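Colleague: compute the structure for the input listed below.
(one chain, ligands or ions: 1)
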Amino acid sequence: MKTPGLVKICGLKTPSTLDAALAAGADMVGLVHFPRSPRHIDLAEAGLLAERARGRASVVALLVDPDDDLLDALVASVRPDLLQLHGKETPERVGAVKARFGVPVMKAIGIAEEADLARVPPYAAVCDRLLFDAKPPKPAADGATVLPGGNGIAFDWRLVAALDPGRPAMLSGGLTAETVGTAIALTGMRAVDVSSGVETAPGLKDPIEIVAFVAAARAAWRAQDEAGTP
Ligand SMILES: O=C(O)c1ccccc1N[C@@H]1O[C@H](COP(=O)(O)O)[C@@H](O)[C@H]1O
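Modeller: Numbers count the residues shown, from 1 in each chain. Got it, this is the predicted structure:
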């Protein structure tokens with residue numbers, strides 16, 4: 001029996017877009033707490049959205065290199081089902097966060113070339129889920145801010161197609177309703193994550209694109225299941 005497919009819609013900032021993701025059937029909703037992101041919300045806002053989603057979808061809190069004080073405050077106000085660590089956290093730090101806070105952790109790993117796969121096993125040993133994302137672009141000459149994720153950039157999905165990390169994994173990076181079916185078919189991933197690909201501008205979610213994304217992912221999994229693809 002195949003694991004059911006999981007769709008995460010990340011970077012939700014308002015009750016109406018959260019409701020759109022829930023109505024579309026998202027399994028996970030992502031709340032970003034990272035002030036440099038156009039999707040950043042403060043802890044009070046995140047707490048309210050988390051309560052609205054509770055019991056309808058898993059609440060994922062996305063942080064970048066958080067210290068323990070921030071995690072203390074976030075866990076108290078958001079009560080996330082999953083922490084998404086999207087910075088330069090080491091495997092030791094991921095293990096320490098998991099042990100201290102008792103909340104499952106998903107660690108994002110940037111993939112650009114085969115050599116990046118060597119970073120997977122140490123994280124697989126300590127986290128609950130791996131998130132394969134594109135690496136951020138190089139900083140521009142004008143010093144413009146580069147985010148560690150949420151850049152709408154895809155990587156070569158074939159790099160993770162044959163991978164068995166021994167942990168549940170999720171695919172992200174530049175996915176859209178148009179590309180997610182191909183990404184699923186190529187990789188066999190049973191979990192996908194999107195942020196920019198369901199937006200009309202950075203941080204502005206589009207309910208129509210959210211519906212299209214969830215439907216496209218589910219159609220791809222249905223096709224795989226019907227074809228008996230291993
Ligand atoms: O979304 C953000 O602003 C963000 C900020 C800092 C780290 C990660 C962020 N987003 C995550 O990045 C991936 C890919 O996003 P996209 O679909 O390419 O826009 C996804 O996991 C987001 O949750």
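
Colleague: residues from this structure in reach of the ligand?
Modeller: Residues of the chain found near the ligand (Cβ under 6 Å from any ligand atom) are 10-11, 30, 32, 34, 37, 39, 62, 64, 86, 131, 133, 147-153, 172-175, 193-197. C-beta coordinates here come from the backbone N, C-alpha and C atoms, glycine included.

Colleague: just give me how far the helix or strand encompassing Ala20 sits from the chain centre.
Modeller: Assigned by DSSP states H and E, Ala20 belongs to helix 15-24. How far helix 15-24 lies from its chain's middle: 17 Å, per Cα atoms, centre = their mean, to the nearest Å.

Colleague: repeat that for stretch 220-230.
Modeller: On the basis of Cα atoms, centre = their mean, stretch 220-230 sits 23 Å off its chain's mean C-alpha point.

Colleague: could you do stretch 16-25 as well?
Modeller: Distance, stretch centre to chain centre, for stretch 16-25: 16 Å (Cα atoms, centre = their mean).

Colleague: what residues of it count as buried?
Modeller: Thr17, Leu18, Asp19, Ala20, Ala21, Leu22, Ala24 (16 or more other Cβ atoms under 10 Å).

Colleague: find the nearest non-adjacent residue to the second one, please.
Modeller: Read that as Leu18. Nearest non-adjacent residue to Leu18, counting by Cβ to Cβ, 6 or more residues apart in numbering: Leu12, 4.7 Å away.

Colleague: and that neighbour, that's in a strand?
Modeller: No: read with DSSP: H, G, I helix; E, B strand; the rest coil, Leu12 is coil and lies in no strand.

Colleague: let me see the ranges of the helices in the protein.
Modeller: 15-24, 43-53, 68-78, 91-101, 120-124, 180-187, 207-227 (DSSP state H).

Colleague: now render those as CSV, adding distance to Thr3.
Modeller: Listed next are the helices of the chain as CSV, based on distance: least, Cβ to Cβ, whole Å:
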stretch, distance to Thr3
helix 15-24, 20
helix 43-53, 22
helix 68-78, 26
helix 91-101, 22
helix 120-124, 17
helix 180-187, 13
helix 207-227, 10
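
Colleague: of all those helices, which one is nearest Pro165?
Modeller: Pro165 lies closest, by Cβ to Cβ, to one member of those: helix 120-124, at 4.6 Å.

Colleague: related to what we said a few turns ago, and the helices of the chain as TSV, adding mean pLDDT?
Modeller: Listed next are the helices of the chain as TSV, based on pLDDT from 0 to 100:
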stretch	mean pLDDT
helix 15-24	98
helix 43-53	98
helix 68-78	98
helix 91-101	98
helix 120-124	98
helix 180-187	97
helix 207-227	96
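
Colleague: centre-most residue in the protein?
Modeller: Asp193 (4.6 Å; Cα atoms, centre = their mean).

Colleague: test my guess that it contacts Leu171.
Modeller: Yes: assessed by Cβ atoms under 8 Å, Asp193 is found in contact with Leu171 at 7.0 Å.

Colleague: now for these two: what residues contact both?
Modeller: Leu131 (Cβ atoms under 8 Å, 6 or more residues apart in numbering).

Colleague: which among the helices of the chain is found nearest to Gly110?
Modeller: Between the helices of the chain, helix 120-124 lies closest to Gly110; by Cβ to Cβ that is 11.2 Å.

Colleague: let's see that closest one as PDB, backbone CA atoms only.
Modeller: What follows is helix 120-124, C-alpha atoms only, in PDB (Å, rounded to 0.1, in the frame of the first residue of the first chain):
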ATOM      1  CA  VAL A 120      21.700  13.600   3.300                       C
ATOM      2  CA  PRO A 121      22.600  10.700   5.600                       C
ATOM      3  CA  PRO A 122      23.700  12.700   8.700                       C
ATOM      4  CA  TYR A 123      20.400  14.600   8.600                       C
ATOM      5  CA  ALA A 124      18.400  11.500   7.900                       C
END
